[in-house]
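Colleague: Sequence plus predicted model, see below.
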Amino acid sequence: MAEGRRIREYVETFAPTKAQTIQNPDEHYAAMFEEYVTRRSEVIAELEPEGKQATDEERANPLLLMGKSRANRKQAEEVAWQEVVLDRYPPEVDETGTPLED
């Protein structure tokens with residue numbers, strides 16, 4: 001399933017031992033992707049609460065507002081990735097497949 005491809009590639013590459021224990025990988029990674037998207041949306045909502053007004057400076061220079069919004073979205077992606085993927089599947093090996101030391 002395409003939605004969970006990035007998550008699946010990470011887990012199979014960097015946490016191969018845990019990846020081998022996953023039953024029905026397509027469903028598992030699709031569910032993880034849905035959870036990732038939900039968590040990312042929650043973090044964005046926390047960073048950009050509904051009804052929050054732009055500052056005078058942001059209204060005077062919309063690029064500031066766009067930059068802040070992009071930074072918030074990037075931060076939300078990183079938080080969601082950490083919580084949904086990395087916390088459950090910490091890396092076991094490096095990018096060459098060499099086991100990491102504890």
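Modeller: Okay, I see it. Residues are numbered from 1 along each chain as shown.
Colleague: Check which helices and strands the lowest-mean-pLDDT helix or strand in the chain sits against.
Modeller: Lowest on mean pLDDT, DSSP states H and E among the helices and strands of the chain sits helix 56-60, with a mean of 87. Packed against helix 56-60 by the contact rule (3 or more Cβ pairs under 8 Å, 6 or more residues apart in numbering; DSSP states H and E) you find helix 62-81. Just so you know, the C-beta spots here come from the backbone N, C-alpha and C atoms, and that holds for glycine as well.
Colleague: Report the buried residues of the helix it packs on.
Modeller: Neighbour counts over helix 62-81 (16 or more other Cβ atoms under 10 Å) mark 76, 79-81 as buried.
Colleague: any idea how far the spatially most central residue of the chain is from Glu48?
Modeller: With distances taken as Cα atoms, centre = their mean, Trp81 lies nearest the centre of the chain, 2.5 Å away. Taking Cβ to Cβ, to the nearest Å as the measure, Trp81 falls 19 Å from Glu48.
Colleague: any idea how far Leu63 lies from Ala76?
Modeller: For Leu63, the distance to Ala76 - Cβ to Cβ - is 20 Å.
Colleague: cool, Val11 as well?
Modeller: As judged by Cβ to Cβ, Val11 and Ala76 stand 21 Å apart.
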